[in-house]
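Trainee: can't give you the sequence, but here's the structure:
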């Protein structure tokens, strides 16, 4: 079966995939996060009423906004990198540099967004 | 560097290969739709009537109920047929891209052909159900 890999979880976490491995894991987390969010959001909007309103109110919470913006922004930027490197395969040798560029875009944009979200949520 | 990948002809073109390129192209398409929604919002007065969070919310799904809580004076220009069509296109593309992504993740853990068939069956059900419910919400709002 797929889960039998003869490797412990700790060994798996110590796997030296480094930068590319980290983006792979975060891309999955981001995609899963957005997938679950969009599914519940469409269901809630379709059902409407009190139940739908309750589900959709979770999304206005600042903690959720920080999480879902991480998912969307990282998945978007990393996805653009994957798309560019895959459609122009000659660029694949610059993958590590591309990942550095990715973080250089992600960190400032995400930090600014988190500051704005926190200011709106906690500053009133 | 010598090209190590096989040519498309030698590799063969199957459904998985098709979905691989579809995933990349829909990613680019979603960037285009997102930019269209941002530019449209700015033309319709988002600069003074909305904050950045509301613009992002609108851009991810250009549905007029996403700008209801802002200072936009009239929802009419935000709920035109153009925006509904754009939102529907976004819905189709995002559901296909997302569901295929979930199948790819599931395939890493479910390896029996029976399990994979079940995953594929549910993925098709999910695509149809999500698209139908999304279209209903978009066109009746």
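Mentor: That came in fine, so what should we check first? Source: prediction; values computed, not measured.
Trainee: alpha carbons only for contacts and neighbour counts from here, please
Mentor: Noted.
Trainee: Heading C-terminal from the worst-scoring helix or strand of chain A on mean pLDDT, find the next helix or strand.
Mentor: Least confident element among the helices and strands of chain A, by mean pLDDT, DSSP states H and E: helix A:9-13 (a mean of 69). With elements assigned by DSSP states H and E, the helix or strand that comes after helix A:9-13 is helix A:18-47.
Trainee: And that following helix, how far out from the chain middle?
Mentor: 6 Å (CA atoms, centre = their mean, to the nearest Å).
Trainee: Report the rounded mean pLDDT for that helix.
Mentor: Helix A:18-47 shows a mean pLDDT of 89.
Trainee: Who are the packing partners of it?
Mentor: Counting contacts by 3 or more CA pairs under 8 Å, 6 or more residues apart in numbering or on different chains; DSSP states H and E, helix A:18-47 packs against helix A:49-58, helix A:62-87, helix A:95-122, helix B:81-109, helix B:113-140.
Trainee: could you give the angle of the fourth one to helix B:113-140?
Mentor: Relative orientation of helix B:81-109 with respect to helix B:113-140: 160 degrees, computed using axes from the mean of the first three to the mean of the last three CA atoms, to 10 degrees.
Trainee: Name the residues of helix B:81-109 that come out as buried.
Mentor: Under the neighbour-count criterion of 16 or more other CA atoms under 10 Å in any protein chain shown, helix B:81-109 has B:83-84, B:86-103, B:107 buried.
Trainee: Same check on stretch B:23-42?
Mentor: Buried residues in stretch B:23-42, counted by 16+ other CA under 10 Å: B:23-30, B:33-34, B:36-38, B:40-41.
Trainee: Likewise for stretch A:18-27?
Mentor: Quick answer for stretch A:18-27 (16+ other CA under 10 Å): A:23, A:26, A:27.
Trainee: Relative to chain B, which of those residues is nearest.
Mentor: Nearest to chain B among the buried residues of stretch A:18-27 is residue A:27, at 10.5 Å by CA to the nearest CA.
Trainee: ok, now how distant is the closest residue in space to that closest one that isn't next to it in sequence from chain B?
Mentor: In space, and not counting its chain neighbours, residue A:27 is closest to residue A:75: 5.3 Å by CA to CA, 6 or more residues apart in numbering or on different chains. According to CA to the nearest CA, to the nearest Å, residue A:75 and chain B sit 10 Å apart.
Trainee: What of residue A:19?
Mentor: 20 Å.
Trainee: show me what contacts that residue?
Mentor: Neighbouring residues of residue A:19 by CA atoms under 8 Å, 6 or more residues apart in numbering or on different chains: A:96, A:99.
Trainee: now residue A:49
Mentor: Per CA under 8 Å, 6+ apart, neighbours of residue A:49: none.
Trainee: What are the buried residues along stretch A:86-97?
Mentor: Buried residues in stretch A:86-97 (16+ other CA under 10 Å): none.
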